[in-house]
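Enquirer: Need coordinates for the below:
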Amino acid sequence: MKIKVILFLAFSVSSMFAFINCEAGGPLIVNKLGDRVIWQLPVIPFTPDQGPLGLFSHSEAINVTGELFKVWENVESSSVAFEQNGVLPQDITGDNIFEFLNDLDSDTSPIIFDDDGSVTDAVFGFSANRVTIGFAAPFNIALDEDGTRSHVENGWAVLNGRFFDGISSPSDMPEIDFKGTFVHEFGHYIGLNHTQVNAEQLFAFDPTDVPLMFPLAIEGMGITLKVDDIATVSTLYPAPSFASSTAAISGRVFLPDGISPFQGGNIIARNVSDPREKAYSSVSGFLHLDPDNQSDGGINDPQFLGFYEISGLEPGDYFLSVEQINPSFSDASGVGPLATPAAFPGVPEFYNGNETDRDIGECASMITVGAGQSVESIDIIINDPLFIGADVAEDESNDSFSQAQNIATIATVNGEVGRGNFIERDSRDVFRVNINSKKYLSLFLDSSSSADDLDLNLFDSNANTMGSSENTGPQSESIGPVELSPGTYFIEVTSFPLGESSGNSYKLVVVDSCDGIVGPEPTPDSTITPQPTNTPTPPNGKSFTFECENTVFDRVYGGIEVLNMELGDTVSCVLKLVNGDPNVSVKISKRLRAKLRQFVIIEQLNDVSDDKGEIGFNIKAVKEGISWFAWSVAKGEEKKSFSKESYDDGDAWGMYLRVK
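Expert: Residues are numbered from 1 along each chain as shown. Next up, the predicted model:
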């Protein structure tokens with residue numbers, strides 16, 4: 001099975017954030033009264049472009065557009081409906097897009113067929129069309145007399161035909177997944193934002209139960225809505241029977257003190273009968289404004305700061321968990337009300353009934369909901385990592401998987417890691433845990449006393465990634481709760497240097513819950529191994545080169561390239577970063593190192609030196625598939641996050657591996 005993973009919103013900007021401020025974790029826009037801002041028309045109009053779209057002719061593109069709006073309209077528990085409102089008077093291109101938008105009236109909601117990617121480049125900058133699949137959002141928001149956002153007047157969507165034009169075939173997106181992009185963007189068009197459900201399935205490249213409104217597009221997602229998608233659109237546009245036929249759970253999330261609300265925790269309700277397929281989510285504080293953004297983007301009321309609400313539940317038994325939002329899901333690719341995801345302040349956990357900050361390892365309490373029932377005050381107090389397990393001293397020889405230190409599944413480890421060269425032995429600490437029966441494991445890393453940036457990873461015995469946390473700077477990291485089958489697992493603490501000083505002390509907390517949660521066994525892992533390849537030179541002149549022995553490079557997605565390997569092949573590769581100014585050194589970035597370490601073995605190859613902006617590694621192709629990953633590059637002492645801006649500046653890049 002071949003798999004592609006594409007970041008929807010680091011590149012494929014699906015909310016028009018340049019024009020409006022958005023909330024997330026359900027509704028795209030929330031006003032200062034805490035109300036969800038949606039369309040109020042009985043039928044939502046759309047007006048298609050004049051031109052073709054990739055391999056679709058003009059008439060085919062119009063038919064596909066109508067067909068894929070129907071995916072949302074066919075949700076029985078929702079009242080949302082659509083109708084085509086004529087056709088745009090001209091073919092919109094990069095040459096006329098801004099003139100067109102300036103003259104756009106409130107009765108027109110364009111669906112733009114960006115056949116050659118020129119519209120995408122005009123909006124987001126040169127070469128954006130190589131990595132931007134599409135973007136969409138409400139466009140004009142009506143205001144009440146006091147200036148409060150009232151309702152959506154019109155919206156727009158842009159779909160990039162370069163991802164389905166046959167020019168880079170067979171590396172274009174499969175037709176069904178390109179259509180899935182329509183459905184995702186049309187979700188934004190009607191006011192849905194991103195969700196983080198079953199994120200652990202990304203590490204297995206298994207899109208089976210991942211919602212279409214997830215920030216990442218995975219090959220094989222298709223056009224089928226999942227229960228979280230259905231619940232969200234039905235909450236925004238409910239059918240008459242929605243409230244009486246479904247259930248809801250709400251509450252607040254608190255810091256370990258049990259008093260202070262926590263904004264930005266991802267809450268997931270899982271049905272006991274099928275915890276993966278029947279999984280629904282909300283984000284604590286999703287109706288509250290971002291404290292760092294005081295504009296009209298949510299209510300400013302402390303009662304809503306930690307509040308969450310999960311609607312549209314199928315009646316039945318549920319267990320709830322709270323987890324960190326992936327640090328890479330930020331800004332336009334965000335999940336939740338915060339532009340930058342909050343570092344989780346304690347140990348990810350389940351709702352245990354009589355919540356305290358020390359209910360460590362307890363079974364999740366089942367919450368039973370019936371049709372038409374709303375269960376309130378299901379409050380979660382995040383566990384305090386200072387009161388977990390017996391303290392364990394780190395064994396300083398634990399800097400490799402073969403020398404991993406054995407620890408219990410409920411423990412607190414006090415350790416110190418080296419300076420974060422990622423090649424030298426003491427740049428990481430590795431711990432081994434043995435699971436005898438199905439467990440849910442949660443990890444928390446307190447690096448507040450560290451001089452450097454520490455990250456946290458969880459691997460199975462085959463070095464497949466089961467979880468990863470990479471907050472920027474000396475912040476806490478957390479993973480879980482992750483469902484694990486019996487076996488051996490490895491926990492890795494790594495370091496990235498921020499300054500000249502040493503002293504990277506940390507506290508690692510490991511917690512397992514009881515094995516009393518009923519549910520199916522996890523899907524077998526099918527993680528594949530991505531591999532770097534030669535890439536083009538970004539606009540600012542900085543070059544990214546990959547030199548791998550015995551390999552063939554094929555161009556894919558209009559600029560990002562592919563490396564072909566046969567199953568069983570092992571190759572040695574060197575990644576080299578070269579600044580346009582040969583007198584300015586370029587170092588391998590933290591994100592690149594972290595991503596590479598998930599898939600390859602970093603080695604000190606001959607004549608390879610980080611001082612020269614180089615990193616060497618070996619890779620063995622062990623499973624079929626295709627994958628993608630990306631990273632940021634540091635400019636001098638300045639760390640760059642992976643975003644559209646860093647890509648436009650030439651500070652970020654991506655690659656594919658195809659294993660035959």
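Enquirer: where's Val119 relative to Thr472, distance?
Expert: 32 Å (C-beta to C-beta, to the nearest Å). No exception for glycine: its C-beta is placed from N, CA and C like everyone else's.
Enquirer: ok, these two, which is more surrounded?
Expert: More crowded of Val119 and Thr472, by other C-beta atoms under 10 Å: Val119, with 29 against 19.
Enquirer: Can you show me the helices along the stretch 151-300 of the chain?
Expert: Taking DSSP state H, counting those that start in this stretch to define them, one finds helices in the stretch 151-300 of the chain at 175-189, 227-236, 242-245.
Enquirer: where do the helices sit along the protein?
Expert: Counting by DSSP state H, the chain has helices at residues 58-73, 97-102, 118-124, 175-189, 227-236, 242-245, 590-599, 644-648.
Enquirer: out of those helices, which comes closest to Tyr308?
Expert: helix 227-236 (12.8 Å; C-beta to C-beta).
Enquirer: Could you report the neighbour count for the residue lying closest to Asp177 once chain neighbours are set aside?
Expert: Excluding its sequence neighbours, the residue lying closest to Asp177 (C-beta to C-beta, 6 or more residues apart in numbering) is Glu219, at 5.8 Å. By other C-beta under 10 Å, 22 other residues sit near Glu219.
Enquirer: returning to what we had before: possible to save the helices of the stretch 151-300 of the chain as TSV with mean neighbour count?
Expert: Formatted as TSV, those follow (neighbours: other C-beta atoms under 10 Å):
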stretch	mean neighbour count
helix 175-189	23
helix 227-236	24
helix 242-245	16
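Enquirer: Out of these, which is closest to Ile299?
Expert: helix 227-236 (17.1 Å).
Enquirer: Give the other helices and strands that the closest one contacts.
Expert: Counting contacts by 3 or more C-beta pairs under 8 Å, 6 or more residues apart in numbering; DSSP states H and E, helix 227-236 packs against strand 279-283, strand 307-313.
Enquirer: which of those is buried the deepest?
Expert: Of the helices and strands packed on helix 227-236, the one with the most neighbours on average (mean count of other C-beta atoms under 10 Å) is strand 279-283, at a mean of 27.
Enquirer: Now do the contacts for Met221.
Expert: When contacts are counted by C-beta atoms under 8 Å, 6 or more residues apart in numbering, Met221 touches 177, 180, 207, 210, 212.
Enquirer: In this structure the third one contacts Leu216, no?
Expert: No: counting by C-beta atoms under 8 Å, no contact exists between Pro207 and Leu216, whose distance comes to 9.2 Å.
Enquirer: thought His288 was touching Gln263?
Expert: Yes: between His288 and Gln263 there is a contact under C-beta under 8 Å: 6.0 Å.
Enquirer: so where do the strands sit in the stretch 51-200 of the chain?
Expert: Secondary structure of the stretch 51-200 of the chain (DSSP state E, counting those that start in this stretch): strands located at 82-84, 110-114, 134-143, 149-160.
Enquirer: And the average pLDDT for the first one is what?
Expert: Meaning strand 82-84. Mean per-residue pLDDT for strand 82-84: 97.
Enquirer: Can you list the buried residues in that strand?
Expert: Phe82 (16 or more other C-beta atoms under 10 Å).
Enquirer: ok, residues contacting it?
Expert: 43-48, 62, 65-66, 69-70, 72-73.
Enquirer: quick one on the thing from earlier: which one, of the helices of the stretch 151-300 of the chain, ends up nearest to Arg36?
Expert: Proximity to Arg36 (C-beta to C-beta) singles out helix 227-236 among the helices of the stretch 151-300 of the chain, at 6.1 Å.
Enquirer: contacts for stretch 365-373?
Expert: 243-249, 269, 272, 313, 315-320, 350-353, 375, 378.
Enquirer: PyMOL command to pick out the buried ones of the residues you listed?
Expert: The command below creates a PyMOL selection of those among the contacts of stretch 365-373 that count as buried (16+ other C-beta under 10 Å):
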select buried, resi 243+245+246+247+248+249+269+272+313+316+318+319+320+350+351+352+375+378
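Enquirer: Give me the subset of the contacts of stretch 365-373 lying in strands.
Expert: Secondary structure defined by DSSP state E assigns 247-249, 269, 313, 316-320, 350, 375 of the contacts of stretch 365-373 to strands.
Enquirer: where are the low-confidence patches of the stretch 551-660 of the chain?
Expert: In the predicted model, the stretch 551-660 of the chain carries pLDDT under 70 at residues 551-565, 567-568, 577-606, 611, 619-660.
Enquirer: so who does Ile176 touch?
Expert: 222-223.
Enquirer: Distance of it relative to Ser127?
Expert: Per C-beta to C-beta, Ile176 is found 27 Å from Ser127.
Enquirer: picking up where we left off before, between His288 and Gln263, point out the one with more neighbours.
Expert: Legend: neighbour count by other C-beta under 10 Å for His288 and Gln263, higher for His288 (26 against 23).
Enquirer: that older thread, of the strands of the stretch 51-200 of the chain, flag the one that's most buried.
Expert: Using mean count of other C-beta under 10 Å, strand 110-114 ranks as the most buried of the strands of the stretch 51-200 of the chain, with a mean of 27.
Enquirer: and for that strand, what are the contacting residues?
Expert: For strand 110-114, contacts defined as C-beta under 8 Å, 6+ apart pick out 46-53, 56, 58, 61, 65, 88, 92, 97, 100, 104, 119-120, 129, 134, 156-162.
Enquirer: where exactly do the strands run in the stretch 351-500 of the chain?
Expert: Listed in chain order, the strands of the stretch 351-500 of the chain (DSSP E, counting those that start in this stretch) span 367-369, 374-375, 380-381, 391-393, 405-406, 411-417, 428-435, 439-446, 453-460, 465-469, 477-484, 487-496.
Enquirer: just checking, what packs against the third one?
Expert: So that's strand 380-381. The contact analysis (3+ C-beta pairs under 8 Å, 6+ apart) places strand 380-381 against strand 247-254.
Enquirer: same thing but at 6 Å, please
Expert: Of the remaining helices and strands, none touches strand 380-381 by 3 or more C-beta pairs under 6 Å, 6 or more residues apart in numbering; DSSP states H and E.
Enquirer: In its sheet, which strands sit next to it, and in what direction?
Expert: strand 247-254 (parallel) (DSSP bridges).
Enquirer: Low-confidence bits of the stretch 101-250 of the chain, can you list those?
Expert: Looking along the stretch 101-250 of the chain with the criterion set at pLDDT under 70, you get 168-171, 203-205.
Enquirer: For the ones in strands among the contacts of stretch 365-373, give me JSON lines that also has distance to Thr368.
Expert: What follows is those, written out as JSON lines (distance: C-beta to C-beta, whole Å):
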{"residue": "Ala247", "distance to Thr368": "9"}
{"residue": "Ala248", "distance to Thr368": "13"}
{"residue": "Ile249", "distance to Thr368": "10"}
{"residue": "Ala269", "distance to Thr368": "12"}
{"residue": "Leu313", "distance to Thr368": "11"}
{"residue": "Gly316", "distance to Thr368": "7"}
{"residue": "Asp317", "distance to Thr368": "5"}
{"residue": "Tyr318", "distance to Thr368": "8"}
{"residue": "Phe319", "distance to Thr368": "11"}
{"residue": "Leu320", "distance to Thr368": "12"}
{"residue": "Phe350", "distance to Thr368": "16"}
{"residue": "Val375", "distance to Thr368": "8"}
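Enquirer: So among those residues, where is pLDDT lowest?
Expert: Lowest confidence among these: Phe350, with 87.
Enquirer: Is it bridged to anything, and to what?
Expert: Beta-bridge partners for Phe350, by DSSP bridges, are Ser321.
Enquirer: ok, now how distant is it from Phe286?
Expert: Separation of Phe350 from Phe286 (C-beta to C-beta) stands at 20 Å.
Enquirer: could you measure the closest residue to Ile299 other than its chain neighbours against Pro302, distance?
Expert: Nearest residue to Ile299, sequence neighbours excluded (C-beta to C-beta, 6+ apart): Gly34, at 3.5 Å. Distance from Gly34 to Pro302, counting by C-beta to C-beta: 12 Å.
Enquirer: ditto for Asp429
Expert: Applying C-beta to C-beta, the value for Asp429 to Pro302 is 39 Å.
Enquirer: higher neighbour count, those two?
Expert: Remark: of Asp429 and Pro302, Asp429 carries more neighbours, 28 against 11, as counted by other C-beta under 10 Å.
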